[in-house]
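Participant: can you look at this prediction? I've put the sequence above it.
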Amino acid sequence: MRHALGRVLSRRALGGIRHVRVVGEDSANGLTARVYAQARQDFGLVAPPLALHSGLPKLLAACWMMLRETLVVPGDSGRAVKEAVAAAVSSANGCPYCVEVHESVLNGLKAASPSVAAATAWGRTCLDASTVAPPPVPARQTGEVVGVAVTFGYLNRMANIFLPPSPVPAQTPGAAGKYVRGALGWMLRGAVGDVRAGLSLDLLPPARPTADVLSWAGGAHEVSDAFARASAEIERAADQAVPPAVRAAVREVLDGWTGGPPGLGRGWMDPLVAELPPADRAAGRLALLTALASYRIDDDVVEEYRQGAPGDEALLSLTSWVALTAARRTGEWMTATRPEGSQE
């Protein structure tokens, strides 16, 4: 029954994905089918933030690998603490879709506790380098909790671009919305406690973890391995899709970024875009907004970019690279302030 309901919910939800074509569960094959099968087994359904990547199967695998090995695997910190971080980070990133989903899961876990409350408070502040405190967990759990925060830094940006504000279909009557949310939360928490770490890792080839991931992942080996493999694939996809000048502009902006939104409107990025070659300016606008204000991306920004790079592959490759680069930037400061003698 769970899998049948998951297919129904997934089919309805996938219809709301914008800007890209999605591979349906019934037509998936190869790597896409393997990812979808794992998602149904471990996560309850093929969720839209995952499926929106299906136009590029290896990016789909990269997204699933990060999501599964950080959030879906309970680990030492437990699913409730991880869901609390996911919901709080999503709120801080201005992603109403992910907030609604993960608050529904958390509410269904009935997991009110000091540890969950502390995780929520930390998640709301961890995206600002001036306010972030050490994660409120023993040091051995840091990699798990920061991994969730970085993963949702990525997913929130992608959801803001490609998904509607709510997982409840727009045509759903108001009174029925709470039942849809309840069913969705029930589906997504269905495998809690039954998910073993590392089972997604063979979806992509091995890669060496980057220094920033090693700095926070610590002994969470499956988490660091997942990020290494996923990051390497996202970088490969971006090689052809992200113009060098745009890549340099994004890195320069993120190097000086310490969290928080940019200025009002889009005037803050006009001087940056003006320095780009004319052919790269549409990509530059989309990239800079993805990095710092994904919730301000509208159809016009995407369509302007598509005039020069019309395919789904280019759009997914550019946005996924920027989203992960920005999310990894936040991970750099989440553990930088852990004092000596912290809880072990």
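Facilitator: Sure, I can see it.

Participant: dump the C-alpha coordinates for the helix or strand harbouring V101 into PDB.
Facilitator: Assigned by DSSP states H and E, V101 falls within helix 96-109. Presented in PDB, the C-alpha positions along helix 96-109 are these (Å, rounded to 0.1, in the frame of the first residue of the first chain):
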ATOM      1  CA  PRO A  96       8.500  27.400   1.500                       C
ATOM      2  CA  TYR A  97       8.200  24.100  -0.400                       C
ATOM      3  CA  CYS A  98      10.900  22.300   1.600                       C
ATOM      4  CA  VAL A  99       9.700  23.900   4.900                       C
ATOM      5  CA  GLU A 100       6.200  22.500   4.300                       C
ATOM      6  CA  VAL A 101       7.500  19.000   3.500                       C
ATOM      7  CA  HIS A 102      10.000  18.600   6.300                       C
ATOM      8  CA  GLU A 103       7.800  20.200   9.000                       C
ATOM      9  CA  SER A 104       5.100  17.600   8.000                       C
ATOM     10  CA  VAL A 105       7.700  14.800   8.400                       C
ATOM     11  CA  LEU A 106       8.900  16.200  11.700                       C
ATOM     12  CA  ASN A 107       5.400  16.700  13.100                       C
ATOM     13  CA  GLY A 108       4.600  13.100  12.300                       C
ATOM     14  CA  LEU A 109       7.700  11.800  14.200                       C
END
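
Participant: and after the helix or strand of the chain with the lowest mean pLDDT, which helix or strand comes next?
Facilitator: Within the chain, no helix or strand scores below helix 2-14, which has a mean of 57 by mean pLDDT, DSSP states H and E. Scanning forward in sequence from helix 2-14 by DSSP H and E, the next helix or strand is helix 30-43.

Participant: and after that next one, which helix or strand comes next?
Facilitator: Immediately after helix 30-43, counting by DSSP H and E, sits helix 48-51.

Participant: residues in contact with A245?
Facilitator: L276, P277, D280, G284 (CB atoms under 8 Å, 6 or more residues apart in numbering). Glycine gets a C-beta too; all of them are placed from N, C-alpha and C.

Participant: from P271, how far out is it?
Facilitator: Shown here: A245 relative to P271, a distance of 14 Å by CB to CB, to the nearest Å.

Participant: just A309 next, same as before
Facilitator: 23 Å.

Participant: next one: A248
Facilitator: From A248 to P271 the distance is 15 Å (CB to CB).

Participant: the more surrounded of those two?
Facilitator: Taking neighbours as other CB atoms under 10 Å, A248 and P271 compare with A248 leading, 13 against 8.
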